[in-house]
Every structure is written in C-alpha cells, then in structure tokens.
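# sequence first, predicted coordinates after that:
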Amino acid sequence: LISLQPVTVDQGSPKAVLTIKPHKDAYKKETVTLRCDIQGGGDNEWTYSWYKNNNPFNTDHRIFTDSIMQVVSIRIVLDYDTGKYTCRGQTRDFWRMSEISDPVTLTVSGPPQAVLRVSPQNWLSKGVLVTLSCEVNDSSTYWIFTWYREIPYRNNNGDMRYNVVPLSDSRSRGYRGSYSLGPAAFHHTGVYMCRAERTEQPFKKQYSYLQPLWLTDESPPVSLIINPNRTQHFTKHSLSLSCEDQSKSNRWIVRRYTHSEKVSDCSLWGSVAIGSTCEISSFSTSDTGGYWCESESGETSNPVNITVHGGDVILESPIHHVTEGHPLILRCLDRNTKLSQFIPDFYKDGSVLQTQTTGEMIIHKVSKSDEGFYHCKHPVRGESPKSWVSVRGVEEAPFTVLMLISSVVTATPYLLATIILLVKCYRAG
C-alpha cells in the first residue's frame, strides 16, 4: 500500500504535476508509466504518494516503482487500471508537502482491429491501379503500418502450409496507411493482410483479417455447378457441387478455402459422389468460404463465394456477374419455404430500395449503377447476409478481370471473409 503521511500543507506549497506515458489511452497488456514532479520544489529531496480515484493506490506484482516512488510503471495494464490518478510529494524530513496534483485519467480498453481494404472495391479491369489501405479504429496517429502477402506451399508430405512475406517498402506511419500494388496484373493475385503497431511499444501489434485478390478467367476450362444454385445457404441444409468440363479431358476435384481448414479437398468435409460431384449433407456456418474445381495439372474454375447463414432469411442473387441491359432478379427466401410468404424489404449498400409482396425484386435492365451489396430484411424473421452483385459492361473486353471478395461482407456475424488462393501457388510444392 502506497500511503500518505499526515503533514500539513503550508500556504504557497509547490504543486505536484502528474504525467502518463506513452499515452493516457492504453490498450490491454501494454506498459504505462506514471511520473510525479514537483513544480517549485527547489533542492529538497522528495518522496511521493499515489492515489487512484481519491484512494491510496495499491500495488501488485505488475507494478514497479523507484526507491522514492516518483515513477510508477504498470507493466501489463488491465481494465481495472482505468481511473483518475493523482500524486503529491513530501520532503524526506516531513517538513514540507506539495499540493496534490490535478487528476489525470488513464483509460484502458481492448486492442482495436486493424482493417485492410482494397480500392476500388468491385471487379477491376486489368491495368487498373490497385491500392491497399490499412486503418485502425483509433483517433491517435502513432501507428506503423506494414503490408504482407500470404504464400501457400506444399511440404514434403503434400500438406498445405503458409509463409507470410512482407511487401517491399511497405511501411508507413499515421492514423491510416496505404500501399499501391500498381496496375492490376496476374502476379498480384493472392492473399494480403496488414499489421499495425504502436511506435512506442513495437511488441504490441494488431493484424487485419486476410483479404483475397483473385484473377479470374472469362472462359475457364471448367465450371463449378452448385445445386441449389445460389451463394447463400441455410445451416443444416444440403448442397451439391460438381465440376462441368465440356471437353472431359481432365479429372477434377472440388476444393475450398475456409478460415478453419485453409485449403482442403472435398474428401475432408463432404462426400465424393459419382465423377467430380461433392455433396454436403448438413451445412454449418464454418462451411462459409470459397469453392472451386481444380485438376491434377493445376487448372481451375472461377471461384464461388458461399455463405452459410444460421438465421431464417437469405438472399438469392446471381453467382456470377450480370451484363448491362440484362435483368437482375433477387429473391428473399425463408428457411421454411422456397419463396417467402411475408413482405420483405430489399436493400442496396445499406439503403432500402423497395418493399415487395412476392418476396422477389426485379431490375429489368441492369446498369453499372446497380452494382453493390444487396440484402433483404423482414421485421420479424430477420435479415439476410449481404451479397455483392457485379455488373459487367457490354463493352468490356472478355479476357481477364481482378475480382475482389470484399471484407465488407464480413460485417454480419455469420459471414466470414473467404480466401481464394493463387493457382500457381498450389503447384509450387
């Protein structure tokens, strides 16, 4: 217990001043140092007393002080260290005592999440400038940002492993940082993340979720066929996935990427049926991820982002992009019936579009302005996750595009970020 001796404060006593470093707003497990100085204390030798919320400050194994208690260091701050701190000094001969310092509030909170975003957030034509940005939910400006790429490889046993490699010249400081990948090209395809660290406490690092970029082909050698043909599915429902190869020249297997399993084959999470068909008998939210077909030689289909929802409402939307001028049909489905018998609201980018009595919304001639995140909602049954609807212009070249599976879709608790990995990396081992 750091206690106070009952010494009378004379008029004109020097003033104690309390400072907290590195910051008054600290995150759990960081180190914080409190220091008490006496203004106008002269050449006197002082000892110090400390208070938290007007009570004597109790020490524990995390707290270290110097011999005169001028400096108090809390090595691992916790929630209950939050409070108003004051200090005062007294001379070693107990003849003089300073005025108590003004209170300084220490606030301890959980660490913020670093968020990685890719701009622009839609289908990108080849050659468009791609920029990674990293941001921390914090008002301060004392962060160092670094960007990384996750490279998959196979070990000697054929198991998938991952190396995290920093991008060159990718450090920046401030409230947010950005890193330009340059014009979109095939070699940019991969999985990225960013790291934010405090400049004064470099051991304290915050990592973002993984963010995928994928270069897809308008004419892949095989197509992934999904039944039921939609990207959102209910938990406990079944699903069939098959690889449709017009040339029938390759043996195809269905693969997926989820946060829990990384890359894995159908045999580990489903049932392999006739040919290249994979069946899932009972979905769970952990089955959310990216699915595709792959041959032994490394050829792949375009990936499909599948979201498994534990609620009662999902949105049926196109799996692939819609061409300008074509119709866009969205359906709001209830867990217990094919077409919802209630009246749902349809939303685009968070704003309500219209209310439909049929559970279906049709845009007869879609345009680029219709591109965005859609979901539907019922006031009683709940709302669906968000799905990205991409609109492709008729004038766009039918070659390759860079697809961003945006981290925005992870906003709902049931929707995890899906990570699709670069085909060349599978063949690296």
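That came through fine. As the structure is a prediction and not an experimental result, all values here were calculated from the model. Numbers count the residues shown, from 1 in each chain.

# Lys348 contacts Cys376, correct?
No. Under the criterion of C-beta atoms under 8 Å, Lys348 makes no contact with Cys376, lying 10.6 Å away. Any C-beta I mention is one placed from the backbone N, CA and C, and that applies to glycine too.

# identify each buried residue in the helix or strand containing Ile38, please.
Ile38 belongs to strand 32-39 when elements are defined using DSSP states H and E. Judged by neighbour count using 16 or more other C-beta atoms under 10 Å, the buried positions of strand 32-39 are Val32, Leu34, Arg35, Cys36, Asp37, Ile38.

# do stretch 91-101 as well
So stretch 91-101, judged by 16+ other C-beta under 10 Å, has buried residues Thr91, Arg96, Met97, Ser98, Glu99, Ile100, Ser101.

# sorry, back to before: tell me which of Lys348 and Cys376 has more neighbours.
Cys376 (29 against 20; other C-beta atoms under 10 Å).

# for the strand or helix carrying that one, list the C-alpha coordinates in CSV.
Cys376 is located in strand 372-378, with elements delineated by DSSP H and E. Written as CSV, here are the backbone C-alpha positions of strand 372-378 (Å, rounded to 0.1, in the frame of the first residue of the first chain):
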residue,chain,number,x,y,z
GLY,A,372,-23.3,-3.1,-55.0
PHE,A,373,-24.1,-5.1,-51.8
TYR,A,374,-27.7,-6.3,-51.5
HIS,A,375,-29.6,-7.9,-48.7
CYS,A,376,-33.2,-8.3,-47.7
LYS,A,377,-34.9,-7.9,-44.3
HIS,A,378,-38.1,-8.9,-42.5
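
# buried set for stretch 105-113?
Within stretch 105-113, the residues that count as buried by 16+ other C-beta under 10 Å are Leu106, Val108, Pro111.

# which strand residues bridge the first one?
On the basis of DSSP bridges, Leu106 is bridged to Gly83.

# quick check: it vs Val77, distance?
Applying C-beta to C-beta, to the nearest Å, the value for Leu106 to Val77 is 8 Å.

# list residues touching both of these two?
Residues touching both Leu106 and Val77 (C-beta atoms under 8 Å, 6 or more residues apart in numbering): Ala26, Val32.

# for the stretch 51-200 of the chain, which spans come out with low pLDDT?
Where the stretch 51-200 of the chain drops to pLDDT under 70, the residues are 120-127, 138-141, 152-154, 158-160, 175, 186-187, 189, 200.

# and for the stretch 301-429 of the chain?
Along the stretch 301-429 of the chain, segments meeting pLDDT under 70 span 338-342, 395-429.

# residue boundaries of the helices in it?
423-426 (DSSP state H, counting those that start in this stretch).

# domain ranges for this structure?
Per automatic domain parsing, the structural domains of the chain span 15-109, 114-215, 217-401.

# now do the phi/psi pair for the most centrally placed residue in the chain.
In the chain, the centroid-proximal residue (C-alpha atoms, centre = their mean) is Tyr209; its distance is 3.8 Å. Phi and psi for Tyr209, reported as degrees, to the nearest 10, are phi -70, psi 160.

# same check, this time on Ser267
Torsion angles, degrees, to the nearest 10, at Ser267: phi -60, psi -20.

# what does Tyr80 give?
phi -80, psi 0.

# just Thr285 next, same as before
When quoted as degrees, to the nearest 10, the phi and psi of Thr285 stand at phi -60, psi -20.

# looking at it, it is touching Val308, isn't it?
Yes. Proximity of Thr285 to Val308 meets the contact threshold set by C-beta under 8 Å, at 5.1 Å.

# okay, strands next: where are they in the stretch 301-429 of the chain?
Ranges of strands in the stretch 301-429 of the chain, per DSSP state E, counting those that start in this stretch, are 304-309, 313-316, 322-323, 328-334, 345-348, 351-355, 360-363, 372-378, 382-383, 387-389, 391-392, 400-404.

# I'd assumed Thr33 was in contact with Ala26.
No. Between Ala26 and Thr33 no contact is recorded; they are 10.5 Å apart, counting by C-beta under 8 Å.

# so how far is stretch 288-299 off the chain centroid?
24 Å (C-alpha atoms, centre = their mean, to the nearest Å).

# could you do stretch 370-381 as well?
Offset of stretch 370-381 from its chain centre (C-alpha atoms, centre = their mean): 22 Å.

# what comes into contact with that stretch?
The contact list for stretch 370-381, computed with C-beta under 8 Å, 6+ apart, reads 122, 312-313, 315, 317, 328, 330, 332, 334, 340, 342-350, 363, 383-391, 406, 408-409.

# give me the buried subset of those residues.
122, 312-313, 315, 317, 328, 330, 332, 334, 340, 344-348, 363, 383-391, 406, 408-409.

# can you tell me the SS state at Arg149?
Recorded secondary structure, Arg149: strand (DSSP: H, G, I helix; E, B strand; the rest coil).

# do you know how far it is from Val165?
Arg149 sits 5 Å away from Val165 when distances are taken as C-beta to C-beta.

# repeat for Arg381
45 Å.

# which of these two has more neighbours?
Arg381 (18 against 11).

# and that one, how far is that from Arg176?
Taking C-beta to C-beta, one finds Arg381 at 38 Å from Arg176.

# do Ser219 as well
Going from Ser219 to Arg176 by C-beta to C-beta gives 39 Å.

# which one of the two is surrounded by more residues?
A count of neighbours by other C-beta under 10 Å puts Arg176 above the other of Ser219 and Arg176, at 17 against 8.

# does the more buried one really touch Thr131, like I thought?
No. Counting by C-beta under 8 Å, Arg176 stays clear of Thr131, with 11.7 Å between them.

# circling back: nearest to Ser369 among the buried residues of stretch 91-101?
Ser101 (59.2 Å; C-beta to C-beta).

# next one: that closest one relative to Ser49, how far apart?
Counting by C-beta to C-beta - Ser101 and Ser49 are separated by 11 Å.

# shared neighbours of the two, anything?
Common neighbours of Ser101 and Ser49 (C-beta under 8 Å, 6+ apart) are Cys87, Arg88.

# any idea how far Thr65 is from Leu241?
63 Å.

# give me the more crowded residue out of those two.
Using other C-beta under 10 Å, the more surrounded residue of Leu241 and Thr65 is Leu241, with 24 against 15.
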